[in-house]
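Student: Got a sequence here, can you model it:
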Amino acid sequence: MLKLVGAVLIIFASAGLGYLKSRELMLHEKNLEEFLQVILCLKGEIRCGNSSLSDALRDTACRCRGRYEEFLERVAACIEANTEEKLSIIFQNCTENYLTDLKLDEDERRKISLLGEKLGYLDREMQIRQLELYETDFLYLLQNLRKDKEEKKKIYRSLGAMGGILLAILFW
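Tutor: So this is what the prediction gives:
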């Protein structure tokens, strides 16, 4: 009886790990969508609001929630504090401090931190064009993720359950 209970617990735990991994995939997609929304709002603030970069970041932060809101608020505060730091360093530090717990790949975090190199020193039209490039880049990443998402979710769930069954058989 004790072996049976142990086997069932192993199967449920492994299946739970599969569902956890598929949930991480969904959170990854959500985080990419939210950053794409940040880019769109920032582009609109610069184009239509004719705002400075710190004002555009702060206004965009008001439209966001969660970690992106904190990230944008902190970047705007550092710009307004006039710390003589380059914008690229400010973006890199804030990315490391505020976006590490998001379900993003290392390459995506690096692209976000490199956004500071593309903004700030250029005129308004060049900033808008850089944001458009980032928009197409993140749209491409999002499309690739969505293309494989359903298959990967099924694989994660199936492997979790099948791995649990295999472990239960091995330990029986």
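Student: mind checking the end-to-end distance for stretch 41-61?
Tutor: Distance between the two ends of stretch 41-61: 9 Å, counting by CA to CA, to the nearest Å.
Student: Now the nearest residue to Val38 once chain neighbours are set aside: which helix or strand?
Tutor: Using CB to CB, 6 or more residues apart in numbering and skipping residues adjacent in sequence, the residue nearest Val38 is Tyr68, 5.5 Å away. (Each C-beta comes from the backbone N, C-alpha and C, glycine too.) Using DSSP states H and E, Tyr68 sits within helix 67-80.
Student: Buried residues, that helix. List them.
Tutor: Within helix 67-80, the residues scored as buried using 16 or more other CB atoms under 10 Å are 68-79.
Student: Strands of this protein, start to end?
Tutor: Under the criterion DSSP state E, the chain carries no strands.
Student: Show me what the helix of greatest length in the chain packs onto, helices and strands only.
Tutor: Counting by DSSP state H, the longest helix found in the chain is helix 124-171. If contacts are counted by 3 or more CB pairs under 8 Å, 6 or more residues apart in numbering; DSSP states H and E, helix 124-171 sits against helix 2-47, helix 106-118.
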